[in-house]
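Asks: what shape does this take:
(one chain, ligands or ions: 1)
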Amino acid sequence: MRLDKYLAGQGFGTRSEVKKLIKSGAVCVNGDTIRDAGSHVGESELKNGLEVLVQGKEVSYRAHRYYMFYKPAGCLTATEDAKEKTVMDYLPFSASEKRKLFPVGRLDFDTEGLLLITDDGETAHRLLSPQKHVDKCYFAVVEGIVTEEDVEKFAGGLELSFRTMPAKLEILETDAEKNESRIEVTIQEGKYHQVKRMFGAVGKKVLYLKRIRMGNLRLDKALKPGEFRELSEDEVNHLTSTFTDASKN
Ligand code: URA
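Replies: Here you go, the predicted model:
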């Protein structure tokens, strides 16, 4: 792969910005300053420890980027919008660094919680495909008293504009005085407003919704709404390998 393409892919700027960087002598490959943006670096050599330094700092090879974002309420799950703040506005990266990143799946404007942001289309597709049976687990506060009958209805699948797949509904707490319930629900699909519509189908209303887990990836308790962190190597390995087979999740 061309050196300028590689560095642009690692977030060092656009191809033309990176070309200038290389020409300025800021890039060293295995100890040699490289000024030719068109020179090549092999992907297997990169994976096996070829040393690339930019302005003296080592570039650690990564094929893709993965961020865990704690989406706050009050922003759109989109890459851009003319009016509303989007989840991408929370990432302090340059436009070229953000160019290939996108959120995996959609949380409603008022929904909070775990959102994966990546440039890995294949993994995103796998996480979202209902056929891959990847859990999406939500905590919710619901208006009304959720009952064991509701648990059974969720488990059996509900009739919305489509028949939902079996969902696991767990009642955490009910408060008769407030007429509210706290629940966790796990679904393996993610249609438009799905959790809210499922509760609507049993005559209840979701007052607060937060995604807390996707597959094995749990929302990090150290994150506050609006904060993000890069996934650890272990988390990336889980995402990109464990989920390749639906049944393993
Ligand atoms: N289900 C919903 O209703 N809303 C979300 O944001 C996510 C799941």
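Asks: can you give me the end-to-end span of stretch 168-185?
Replies: Counting by Cα to Cα, to the nearest Å, you get 6 Å between the two ends of stretch 168-185.
Asks: for stretch 157-164, same thing?
Replies: Where stretch 157-164 begins and where it ends lie 5 Å apart, using Cα to Cα.
Asks: show me what the residue nearest the centre of the chain is bridged to.
Replies: Among the residues of the chain, residue 116 comes closest to the average C-alpha position under Cα atoms, centre = their mean, at 0.9 Å. Beta-bridge pairing for residue 116 (DSSP bridges): residue 68.
Asks: quick one: it and residue 126 touch, right?
Replies: No. Counting by Cβ atoms under 8 Å, residue 116 does not reach residue 126; the two are 11.6 Å apart. For glycine as for every other residue, the C-beta is placed from the backbone atoms N, C-alpha and C.
Asks: surely residue 196 is within a helix?
Replies: Yes. According to DSSP: H, G, I helix; E, B strand; the rest coil, residue 196 belongs to a helix.
Asks: which element, helix or strand, includes the closest residue to it other than its chain neighbours?
Replies: Of all residues beyond its chain neighbours, the one nearest residue 196 is residue 206 (4.7 Å), with distances taken as Cβ to Cβ, 6 or more residues apart in numbering. Assigned by DSSP states H and E, residue 206 falls within strand 205-214.
Asks: what residues sit buried inside that strand?
Replies: For strand 205-214, burial by neighbour count (16 or more other Cβ atoms under 10 Å) applies to 206, 209, 210, 211, 212, 213, 214.
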